[in-house]
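Student: sequence first, predicted coordinates after that:
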2 protein chains.
Amino acid sequence: MNEPLKLGIAGLGTVGAGLLKLLASHGPRLSDTLQREIKVVGVCAKSRDKARGVDLNGVRWFDNAADLAADPSIDCFVELIGGEEGIARQAVEAALNAKKHVVTANKALLAKHGIELAKIAEKNGVALNFEAAVAGGIPVIKTLREALAANEVRRVYGILNGTCNYMLTRMQDEKLPFADVLKDAQAKGYAEADPTFDIGGFDAAHKLSLLTSLAFGMRVPFDQIDVEGIQTITAADIEAASDLGYRIKLLGIAERTPSGIEVRVHPTMVPEDSTIARVSGVTNCVAIEGDFSGSLLLVGPGAGALPTASAVASDIIDVARGLVLPPFLRPVAQLAPFVRAKIASNHIGYYVRLAVLDRPGAMAAITRRMADRDVSLESIVQRRHPAGVAGEVRPVADTAAPVILITHETTEENIRKALDAIEADGKVAERPQMIRIESF
Amino acid sequence: MNEPLKLGIAGLGTVGAGLLKLLASHGPRLSDTLQREIKVVGVCAKSRDKARGVDLNGVRWFDNAADLAADPSIDCFVELIGGEEGIARQAVEAALNAKKHVVTANKALLAKHGIELAKIAEKNGVALNFEAAVAGGIPVIKTLREALAANEVRRVYGILNGTCNYMLTRMQDEKLPFADVLKDAQAKGYAEADPTFDIGGFDAAHKLSLLTSLAFGMRVPFDQIDVEGIQTITAADIEAASDLGYRIKLLGIAERTPSGIEVRVHPTMVPEDSTIARVSGVTNCVAIEGDFSGSLLLVGPGAGALPTASAVASDIIDVARGLVLPPFLRPVAQLAPFVRAKIASNHIGYYVRLAVLDRPGAMAAITRRMADRDVSLESIVQRRHPAGVAGEVRPVADTAAPVILITHETTEENIRKALDAIEADGKVAERPQMIRIESF
């Protein structure tokens, strides 16, 4: 047996408690596997007295995470506090500066300060592992950093936010309006009281920025990601997508194009018989397309105390086995600068929903604007009355009727300009809805 | 930059040539990533003169793989020869004994001699990596050995043979008989002239034995695996499954049960809306259920020169990064002995197809035999004429009619004994077809 690996764990919320439970129940077997004991020597959390259902006997209590992080008694600091600034950042920096390995589940911290933290880790020859920061129990960091490291990655995309996928799945399966499923998601604890971070696509964008850095070996500034959330998705969109043989999913997509890297988060229509369309509820998935590996899809729980604890434990196991890799695929000095794609990519088509005002020539004006931008239409469906569902408040004027257009392949620029012109013409009662169609 | 990692590659078939292509095209980028050059210094293959589309200038040629394996000029021996005995085994042993790291795609060698080879690797502190041996480009070995190492695995299962999945998919999609799709698979190079190894389930069983060893930390003797192939699957079975809302897939399944580990390969009916049912053609998938990780599904190319080369390259990258792990999750001395489950597991139901002879009381006798074994029936479908398709020779007597039974949950023992009794009664014209129904 080798010397034990001594852990300091900061943050004993659900994931922290899950990790302690894992180490308590699987400790002896892990020691056999690793020929090394993994020993929790110090912990730190907000409240010392809270019942957590775990035995902290013989474990030193710290009131300050940064003190624990730099304490000589530990080899590896596990940060489960969260937040991109404040004590989480201080403690991780303190640990790295004190030459401790760091394992963290903190996607916000890494999306904002990952490169700077990676520099300190590299300088000091310690690990900065963050498997749990993206897609919970799915080992996508290890897959990108190790398994597919020989590939030039062409595209990485996936369902990265369980809250949004849960909401879209319920809207689909039960024909419920957005507001109702949001309330339900909040009641179940899937969505926060202020749900903007999830439903606005920002959580998915944080995760996508980490995946993009790893997939392409680049620093990806968070503000270079185009982010659209699911707030504007209505039951009418879900129903229309379904009629057309599609499902709507919030996807994060990073793609190598001739002019640079395109990184975007937005609702997407995917064919209903595709594997990704079948990923439902809080489940996440990530697809990675490498030039040699081909297309690989990983599907699993995107959150939850136990799957996240499993991911944190795998990072700790790597540290115990002496594996210290550059956090973002290659050494920071070798990372390429981020070059944003100059032209937004073509899509196989766009779904457009318009609330067309009941005025003479409205449809003629709309189709003319589309033609002006070379946008050809695959189908037009006009309904006399709004296809709203019970309980959904639709801000459509009484005199407006929903019209659904499906375009043929066109550029993002053309469709946007056509829709801007239609809106400026005053022929529609609300901002046009536009959803990209992908062919995965 | 560190010292180069010097490779000797034995076997320059499609995978070997793919690997050389990968190293040639991605060499400089890989050197940046690893801060270490990966350099091919020696190769060995059957024919020196064959055109392979790769530049072997400056690379030493060896006529004997075992000489290359032990040559002082190499650090890592890459075995892509194949075969469980003979030169492949000799060369791998020679490399390990000479303290060279070994990377191999040879599932047959590992299924038969893996533990003995792992012992030599451990004793000499070198790696024995075999990502490419199971499910081609899907990083399932790394996932089990590293990402999920903290879990107690409950079940691992998947579509492990692309040939069978291709054939079943075509039978499903195009309503073709078995013999026709086999001929087509042979013409496309997916199936060998003697297809027994693939369609008999033995290739899947080799892979499953490796997955089982890794998932449960056990030595799994290959002869302890129950193997059934797809030879008996007819177009009538595919059609009946489809009518019932199922797809037929050849699955390898290893499961922890209270009485031991159950390891089996057989055709399985899975719900048509499950993710696994959507895995079509030569694509493979592996699902792993851990007690903390939950259920993780990996889907990707199960074979092919480039994906397999990507997997071999990831093993080489691990060696270049200094990662040396016990080949089968934990040191050989820590592996548990294999305890075979004493009772075959229950299934949610069984599909049974009988060619019932047109004699008075035949159905009564059949249902009586089922009842004798406490097998209750969910449905019975009797058709007057065989549901054969054009071109399929069905060995059903003129006077026999196909009857399809779906049972409720029952044990493997009960259904087998009931079918044996039915056959012994002489009420059927051919051996009953029985397919397990799983609820994934």
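Tutor: Arrived safely.
Student: strand partners of the helix or strand of chain A with the lowest mean pLDDT, parallel vs antiparallel please.
Tutor: Here the helix or strand of chain A ranked lowest by mean pLDDT, DSSP states H and E is strand A:377-382, holding a mean of 88. Its sheet considered, strand A:377-382 pairs with strand A:400-407 (antiparallel) by DSSP bridges.
Student: can you name the residues in contact with the partner strand?
Tutor: A:236, A:240, A:244, A:349-358, A:363, A:366, A:370, A:375-387, A:396, A:415, A:428-430, A:437 (C-beta atoms under 8 Å, 6 or more residues apart in numbering or on different chains). Heads up, the C-betas are built off the backbone N, CA and C, glycines and all.
Student: name the helices or strands packed onto the lengthiest helix in chain A?
Tutor: For chain A, the helix with the greatest residue count under DSSP state H is helix A:14-34. Here helix A:14-34 touches strand A:5-10, strand A:38-44, helix A:305-320, going by 3 or more C-beta pairs under 8 Å, 6 or more residues apart in numbering or on different chains; DSSP states H and E.
Student: that helix: how far from the chain's middle?
Tutor: Here the centre of helix A:14-34 is set off from its chain's centre by 27 Å, with C-alpha atoms, centre = their mean, to the nearest Å.
Student: quick check: residues of the stretch 1-150 of chain A near chain B?
Tutor: A:18, A:22, A:26, A:29-30, A:32-35, A:131, A:137-139, A:142-143, A:146-150 (C-beta under 8 Å from any C-beta of the partner chain).
Student: just the buried residues from those, in ChimeraX please.
Tutor: Selection of the buried residues among the residues of the stretch 1-150 of chain A next to chain B in ChimeraX, burial being defined by 16 or more other C-beta atoms under 10 Å in any protein chain shown:
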select /A:18,22,26,29,30,32,33,34,131,137,138,139,142,143,146,147,148,149,150
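Student: from the contacts of strand A:400-407, which would you call buried?
Tutor: Judged by 16+ other C-beta under 10 Å, buried ones among the contacts of strand A:400-407: A:236, A:240, A:244, A:349-357, A:363, A:366, A:370, A:375, A:377, A:386-387, A:396, A:415, A:428-429, A:437.
Student: and the nearest residue to A:Val54 once chain neighbours are set aside, how far from A:Arg36?
Tutor: Spatially, and ignoring its direct neighbours in sequence, A:Val54 is nearest to A:Leu20 (4.1 Å; C-beta to C-beta, 6 or more residues apart in numbering or on different chains). Per C-beta to C-beta, to the nearest Å, A:Leu20 is found 18 Å from A:Arg36.
Student: equivalent analysis for A:Leu80, please.
Tutor: From A:Leu80 to A:Arg36 the distance is 22 Å (C-beta to C-beta).
Student: neighbour count: these two, which is higher?
Tutor: A:Leu80 (27 against 18; other C-beta atoms under 10 Å in any protein chain shown).
Student: wait, isn't the more buried one in contact with A:Leu7?
Tutor: No: using C-beta atoms under 8 Å, A:Leu80 is not in contact with A:Leu7; the gap is 11.3 Å.
Student: so the residue nearest the centre of chain A: helix, strand or coil?
Tutor: The centroid of chain A falls nearest to A:Ala204 when counting by C-alpha atoms, centre = their mean (2.6 Å). Following DSSP: H, G, I helix; E, B strand; the rest coil, A:Ala204 is assigned to helix.
Student: wait, it touches A:Tyr157, no?
Tutor: No: at 10.6 Å, A:Ala204 does not count as touching A:Tyr157 under the criterion of C-beta under 8 Å.
Student: shared neighbours of those two, anything?
Tutor: Joint contacts of A:Ala204 and A:Tyr157 (C-beta under 8 Å, 6+ apart) are A:Gly252.
Student: can you give me the helices for chain A?
Tutor: A:14-34, A:65-70, A:86-97, A:107-124, A:140-142, A:162-174, A:178-187, A:196-199, A:202-216, A:235-243, A:305-320, A:362-372, A:412-424.
Student: can you report how many residues neighbour A:Ala91?
Tutor: Should you count by other C-beta under 10 Å, A:Ala91 turns out to have 27 residues around it.
Student: same question but for A:Ala179, I mixed them up
Tutor: Count around A:Ala179 with other C-beta under 10 Å applied: 11.
Student: now A:Arg247
Tutor: 22.
Student: residue ranges of each domain in chain A, please.
Tutor: A:5-133, A:144-301, A:349-437 (automatic domain parsing).
Student: of these, which is nearest B:Asn97?
Tutor: B:Asn97 lies closest to domain A:5-133 among these, at 22.8 Å (C-beta to C-beta).
Student: check contacts around the residue lying farthest from the centre of chain A.
Tutor: Distance from the C-alpha centroid of chain A peaks at A:Pro360, with 44.8 Å (C-alpha atoms, centre = their mean). Counting by C-beta under 8 Å, 6+ apart, A:Pro360 touches no other residue.
Student: any idea how far B:Asn64 is from it?
Tutor: Relative to B:Asn64, and taking C-beta to C-beta, A:Pro360 is found at 87 Å.
Student: which bits of the stretch 151-300 of chain A sit near chain B?
Tutor: Counting by C-beta under 8 Å from any C-beta, the stretch 151-300 of chain A sits next to chain B at A:151-152, A:217, A:273-275, A:278-279, A:290-300.
Student: which residues touch A:Gly137?
Tutor: For A:Gly137, the contact set (C-beta under 8 Å, 6+ apart) comprises A:300-302, A:304, A:306-308, A:310-311, B:292-294, B:296.
Student: rerun at 6 Å
Tutor: By C-beta atoms under 6 Å, 6 or more residues apart in numbering or on different chains, A:Gly137 lies in contact with A:300-301, A:307, A:310-311, B:293-294.
Student: now those residues in a markdown table, with distance to B:Thr268, neighbour count and pLDDT?
Tutor: Shown next, in a markdown table, are the contacts of A:Gly137 (distance: C-beta to C-beta, whole Å; neighbours: other C-beta atoms under 10 Å in any protein chain shown; pLDDT from 0 to 100):
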| residue | distance to B:Thr268 | neighbour count | pLDDT |
| --- | --- | --- | --- |
| A:Gly300 | 21 | 27 | 97 |
| A:Pro301 | 24 | 23 | 96 |
| A:Pro307 | 26 | 27 | 96 |
| A:Ser310 | 27 | 31 | 98 |
| A:Ala311 | 30 | 35 | 98 |
| B:Ser293 | 23 | 31 | 97 |
| B:Gly294 | 21 | 19 | 97 |
